[in-house]
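**Student:** My questions concern the predicted model and sequence given below.
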Amino acid sequence: MAKKPASIVECREDAFRKIFKFYKRRTPPPDFSDVVDFSKSTTSDKVVPVKMDPDAVSDCDAARVGLLPTRDWRAFNLQGYPGFIFISNPFLRGSQAFWVRQCLKTYPQKPNVCNLDMHMSPTDTQDIWAKSVRNLSRPVGKREPKTLLERLRWVTLGYHYNWNSKTYSANHYTPFPTELRLLSHQIAAACGFPGFSAEAGILNYYRSDSSLGIHVDESELDHSRPLLSFSFGQSAIFLLGGTQRQDPPTAMYMHSGDLMVMSGQSRLLYHAVPRIVPAPQEVACSWVSDQQGGAGVEQQVSSEDWAVCSKYIHSSRINVTVRQVLGPGQSFPETPLPDGQQTEGKRRRCGYSPEHT
């Protein structure tokens, strides 16, 4: 594992939480020198380059969802984490704009579910973008109340996670976005999972003081399929641990455009996000939407929409996790809830909500 101060790792009781607190603290600020940065060209005995299958996804299909040809992807394995693949920003320049716009304008729309539904009526959360764009477009000046978009913490897609029962169900489903399904299928295919079917998504929206607690993604019925994670906007410190809480985690940066694939033995490992950090200048430059030639998705973002999206991600981070819930031939168990519990479940739909300090 990455070297850490002896005072942190000498006691193995919940070593993950100790390192989580180390990176989360504000005063004094933590030392980031041991954080793995996959965007750097150097490799080590811990970071091992890996080649994607160049025939798994055609160049044309990759470009349709804003991806570089798979032969140009910079992908890595991490020693000690079988099945973990990190892909350093495989997006075409400018194409992140489309995915940021989808996460802010399209995916929070009904019938999808978000944290605001827990204490607001469906009418009030019907069009979060339209209710927020005017104030977000104003120059920085007099402090205004937070818009709905700024109060957004999570959105769920496809099979919606029920926080009470920690399960998915057949009757708690809305159509999964076609373009996100296609993007996920191509990423999975290039990583050796051609049969992956995107069935559930959780979007987390992080402000500068947000964090994501220590957890394992185990509610899906089939753990043989990978979990995909997409990052946009500001950078984050991501901690990847072991199968037990006392296993010290490895810290790594997730920059805008980076992808992670957790499969095999790494599919059920503890992980967390203790801190959001400012994106490096070269990463921020990649957000620029290039409206010139090509058939990529970046052409679908208007300058007006991108002005709002750009302002948002200059102080925030968006993470999208995509999962396959059911394996081939699997179905949900027949466990209908009483009417009262079903109503409560609908009000308490939840993904992994970022914590706030």
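**Tutor:** It's in. The model shown is predicted, which means the values in this text are computed figures rather than measured ones. Numbers count the residues shown, from 1 in each chain.

**Student:** So which residues of the stretch 1-150 of the chain form helices?
**Tutor:** Along the stretch 1-150 of the chain, counting by DSSP state H, counting those that start in this stretch, helices occupy 6-9, 15-24, 59-64, 96-101, 128-136, 148-151.

**Student:** and those helices, which is most packed in?
**Tutor:** helix 96-101 (a mean of 25; mean count of other CB atoms under 10 Å). The C-beta positions use only the backbone N, C-alpha and C, and glycine is treated the same way.

**Student:** Neighbours of residue 247, how many?
**Tutor:** When neighbours are counted by other CB atoms under 10 Å, residue 247 registers 17.

**Student:** Next, find the distance separating the residue nearest to it when sequence neighbours are not counted from residue 29.
**Tutor:** Spatially, and ignoring its direct neighbours in sequence, residue 247 is nearest to residue 241 (4.9 Å; CB to CB, 6 or more residues apart in numbering). Counting by CB to CB, to the nearest Å, the separation of residue 241 from residue 29 is 22 Å.

**Student:** Looking at those two, which one has more neighbours?
**Tutor:** Neighbour totals were compared for residue 241 and residue 29, and residue 241 leads with 23 against 9 (other CB under 10 Å).

**Student:** Identify the residues contacting the more buried one.
**Tutor:** By CB atoms under 8 Å, 6 or more residues apart in numbering, residue 241 lies in contact with 16, 214, 247-250, 269-272.

**Student:** Could you list the low-pLDDT ranges of this protein?
**Tutor:** For the chain, residues meeting the criterion pLDDT under 70 lie at 1-13, 41-42, 139-143, 286, 288-299, 335-357.

**Student:** make it 50
**Tutor:** 1-3, 5-9, 291-295, 337-353, 356-357 (pLDDT under 50).

**Student:** picking that back up, distance to residue 310 added to the helices of the stretch 1-150 of the chain, as a markdown table?
**Tutor:** As requested, those are exported to a markdown table (distance: least, CB to CB, whole Å):
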| stretch | distance to residue 310 |
| --- | --- |
| helix 6-9 | 37 |
| helix 15-24 | 27 |
| helix 59-64 | 23 |
| helix 96-101 | 8 |
| helix 128-136 | 10 |
| helix 148-151 | 13 |
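
**Student:** Figure out which of those is closest to residue 279.
**Tutor:** Nearest of the helices of the stretch 1-150 of the chain to residue 279, taken as CB to CB: helix 96-101 at 11.5 Å.

**Student:** Does the closest one pack against any helices or strands, and if so which?
**Tutor:** strand 227-233, helix 303-313 (3 or more CB pairs under 8 Å, 6 or more residues apart in numbering; DSSP states H and E).

**Student:** hmm, try it at 6 Å
**Tutor:** Under the contact criterion of 3 or more CB pairs under 6 Å, 6 or more residues apart in numbering; DSSP states H and E, helix 96-101 touches helix 303-313.

**Student:** quick one: the strands in the chain?
**Tutor:** For the chain, strands defined by DSSP state E occupy the ranges 47-50, 74-78, 84-88, 113-114, 154-158, 200-206, 210-215, 227-233, 235-240, 250-254, 259-262, 271-277, 317-323, 355-356.

**Student:** what's the closest of those to residue 300?
**Tutor:** That would be, of the strands of the chain and by CB to CB, strand 227-233, which comes in at 15.8 Å.

**Student:** Pull the distance from the closest one to the chain's centre.
**Tutor:** 3 Å (CA atoms, centre = their mean, to the nearest Å).

**Student:** for stretch 259-271, how far is the first residue from the last?
**Tutor:** 15 Å (CA to CA, to the nearest Å).

**Student:** brain fart, stretch 131-145
**Tutor:** 13 Å.

**Student:** which of the contacts of residue 241 tops the neighbour count?
**Tutor:** Neighbour max across the contacts of residue 241 (other CB under 10 Å) = residue 249, 26 neighbours.
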